[in-house]
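K.L.:
starting from these lines, generate the structure:
(one chain, ligands or ions: 1)
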Amino acid sequence: MTTVLQHVVRRSILRPFAKSFSSGSPLVDVQVNDKTGVAIVKMGRAPVNGLNTELLGALNDTFDSLEKNKATGMILSSSIPNIYSAGLDISEMYNGTPENLTKFWNTLQSMWINLYSTPLPTVALINGNAPAGGCLLAMSCEYRVMVGSKFVIGLNETQLGLFAPKWFQDTMVSIIGPRQTELALTSGKLFSAQEALKIGLIDELVASEEEALASSDKFFGLFKRIPGYARGQTKNFVRAEVLDWLLKNREHDTKVFLNSIQLPHVQKGLGLYLQSLKKK
Ligand SMILES: CCCCCCCC/C=C\C=C\CC(=O)SCCNC(=O)CCNC(=O)[C@H](O)C(C)(C)COP(=O)(O)OP(=O)(O)OC[C@H]1O[C@@H](n2cnc3c(N)ncnc32)[C@H](O)[C@@H]1OP(=O)(O)O
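P.N.:
The predicted structure follows:
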């Protein structure tokens, strides 16, 4: 028998995300809850939400529109079963022309700057594996809820012969601290859900999307009585150091990416890694 309390809780969890809001891209689905104003943004680029220039651009446009249209919060998730995001699309970095590589990297930087600095409260509803760039997306949100214990999350770049850029690293440092970040990044560690919870890389581990939505509701509820401007400024100050580095060093960061990614041994490693993924 359902108790009144269970009924009330279930109703608040299952509130329909009724108002559909066009992201302008088939790769990103956005539903805005017309009662709360919270938007659920789902990446849907098959097969693994590889972050290519198009998906990154679509995410960036979506974040802009949600702010302009005064959404009250955002949940960043995926519509692909068992995949949050496989990270940067390696085929964008393999054999790319300098022009395409530059456009790709600049789009990634803009998307991250927008996501990391948005005044909206943000939750990553991690309903699948989240390696590398997928982990960056989740870490850039304010609160992380993982659904199910079978997924992994982390910055595994060194396993591919790459290094995570400074702003990826700093984002992780701000969550789990320098010691754990150094250990994790030098070994390219992908944390199991339990490990991620223990170390604080995720805030909650729940069994279903329904529970994750309830946790998100609870998180957004923290700000019900907090004036948005005060909340936004506080978030800005806390995040300023990590953000300012990229804002001040965008060109340098792009040069480092371009120079490193085009090195013959790095390209060879990327090619082999892509092949190994395809052979599976
Ligand atoms: C010293 C010099 C250093 C230079 C540094 C430069 C600065 C930094 C530069 C880059 C930073 C990069 C950060 C990144 O995000 S790199 C991406 C890292 N991602 C991964 O390692 C994840 C790889 N993927 C997987 O582990 C799995 O695919 C998984 C996500 C767990 C899903 O598994 P599963 O469901 O079994 O799916 P498949 O593996 O079969 O994959 C399906 C198809 O998707 C293709 N795929 C997968 N991941 C990627 C990817 N990241 N990019 C492009 N394509 C990807 C895979 O090949 C399959 O393709 P197909 O269907 O054709 O066989």
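
K.L.:
give me the pLDDT for residue 238.
P.N.:
You'll see residue 238 listed with a pLDDT of 98.

K.L.:
what's the neighbour count on it?
P.N.:
Counted with other C-beta atoms under 10 Å, the neighbours of residue 238 add up to 12. To be clear about C-beta, it is placed using only N, CA and C from the backbone, and glycine gets the same treatment.

K.L.:
for the host helix or strand of it, the distance to its chain's centre please.
P.N.:
Residue 238 belongs to helix 228-261 when assigned by DSSP states H and E. Offset of helix 228-261 from its chain centre (C-alpha atoms, centre = their mean, to the nearest Å): 15 Å.

K.L.:
where along the stretch 101-250 of the chain do the strands fall?
P.N.:
122-126, 128-131, 143-147, 152-154, 191-192, 204-206 (DSSP state E, counting those that start in this stretch).

K.L.:
so how far is the second one off the chain centroid?
P.N.:
Pointing back at strand 128-131 there. In terms of C-alpha atoms, centre = their mean, the centre of strand 128-131 is found 10 Å from the chain centre.

K.L.:
for the chain, what lies in contact range of the ligand?
P.N.:
Residues of the chain lying close to the ligand (C-beta under 6 Å from any ligand atom) are 47-48, 50, 83, 86-91, 129, 131-133, 156-157, 160, 162-163, 165, 257, 260-261, 266, 277-278, 280.

K.L.:
out of those, which end up buried?
P.N.:
Among the residues of the chain next to the ligand, those classed as buried by 16 or more other C-beta atoms under 10 Å are 48, 50, 83, 86-90, 129, 131-133, 156-157, 160, 162-163, 165, 257, 261, 266.

K.L.:
between the strands of the stretch 101-250 of the chain, which one is nearest to residue 185?
P.N.:
Closest to residue 185 of the strands of the stretch 101-250 of the chain, according to C-beta to C-beta: strand 152-154, at 8.6 Å.

K.L.:
tell me the mean pLDDT for the closest one?
P.N.:
Confidence for strand 152-154, expressed as mean pLDDT, is 98.

K.L.:
what's it packed up against?
P.N.:
Applying 3 or more C-beta pairs under 8 Å, 6 or more residues apart in numbering; DSSP states H and E, one finds that strand 152-154 makes contact with strand 128-131, helix 133-140, strand 191-192, helix 193-199.
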